[in-house]
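[1] Give me a 3D structure for the following:
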Amino acid sequence: MSGVADLLAAARVKCLTIATAESCTGGMIAAALTDLPGSSEMFLWGAVTYSNPAKRSMLGVSQMTLVTHGAVSEEVAREMAQGALARSGADIAVSITGIAGPGGSEFKPEGRVCFGIATADETRTETVEFGALGRDAVRLAARDHALMLLGQAVGVPGSEP
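    Numbering: from 1, shown residues only. A predicted model of the protein is given here:
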């Protein structure tokens, strides 16, 4: 957990607060952030929005975006991150939506995970194809990637992919 400790320490020094919006990880990012004492200074808010209705009601994700692009898309990850940022009042929000497995389709395979990272100045998104590693491994890899994105956002040295 030294990476999480470094992330939280950097956020503390810079007086930055964090929010999360999670789907396929079911709260694993928030859990990793809150495992350490003192994290309440930096971690403000977390939402587990596993269903599309939850994404809409809790984060303000557009029904049109969900219909047009599907829940596992950078467009939805963008709206999730922006919704978490706006609703929490945090300085940085990370979002995650994906297919941990088992399952998937030809167009959205198992192991595809979309991420969003939002600040007041910008929102970035990306998709990572972790592959069919199995549900637990995909979820852990996705959690770790989201923590790396947060590390980049707060300027933790060595948080490059």
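[2] My guess is Glu126 contacts Val113. True?
    No. Checked against CB atoms under 8 Å, the pair Glu126 and Val113 is beyond contact range at 9.4 Å. C-beta coordinates here come from the backbone N, C-alpha and C atoms, glycine included.
[3] more neighbours, these two?
    The residue with more neighbours, out of Glu126 and Val113, is Val113; 26 against 14, by other CB atoms under 10 Å.
[4] Around the nearest residue to that one once chain neighbours are set aside, how many other residues sit close by?
    Ranked by CB to CB, 6 or more residues apart in numbering and with sequence neighbours excluded, the top spatial neighbour of Val113 is Gly98, at 3.1 Å. The tally of other residues near Gly98 (other CB under 10 Å) stands at 28.
[5] Quick one, grab the pLDDT at Gly98.
    Looking at Gly98, its pLDDT stands at 97.
[6] and it, what does it touch?
    23-24, 72, 111-114, 138, 142 (CB atoms under 8 Å, 6 or more residues apart in numbering).
[7] Just the buried ones from the residues you listed?
    23-24, 72, 111-114, 138, 142 (16 or more other CB atoms under 10 Å).
[8] Let me see the contact set for the residue nearest the centre of the chain.
    Most central in the chain under CA atoms, centre = their mean is Ser95, positioned 2.7 Å from the mean C-alpha point. Contact analysis of Ser95 by CB under 8 Å, 6+ apart lists 20-22, 77-78, 80-81, 84, 115-118.
[9] Tell me, how many residues neighbour the residue nearest to Thr17 when sequence neighbours are not counted?
    In this structure, Thr17 finds its nearest non-sequential neighbour in Ala90, 4.4 Å apart by CB to CB, 6+ apart. Neighbourhood size, Ala90 [other CB under 10 Å]: 23.
[10] Where does Ala90 sit: helix, strand or coil?
    Three-state call for Ala90 (DSSP: H, G, I helix; E, B strand; the rest coil): coil.
[11] One more: Ala47?
    Following three-state DSSP, the label given to Ala47 is strand.
[12] Tell me the bridge partners for it.
    As for beta bridges, Ala47 partners with Ala21 under DSSP bridges.
[13] Help me confirm that it comes into contact with Leu85.
    No. Between Ala47 and Leu85 there is no contact under CB under 8 Å: 11.3 Å.
[14] if I look at Thr119, how far off is Leu66?
    In this view, Thr119 and Leu66 are 24 Å apart by CB to CB, to the nearest Å.
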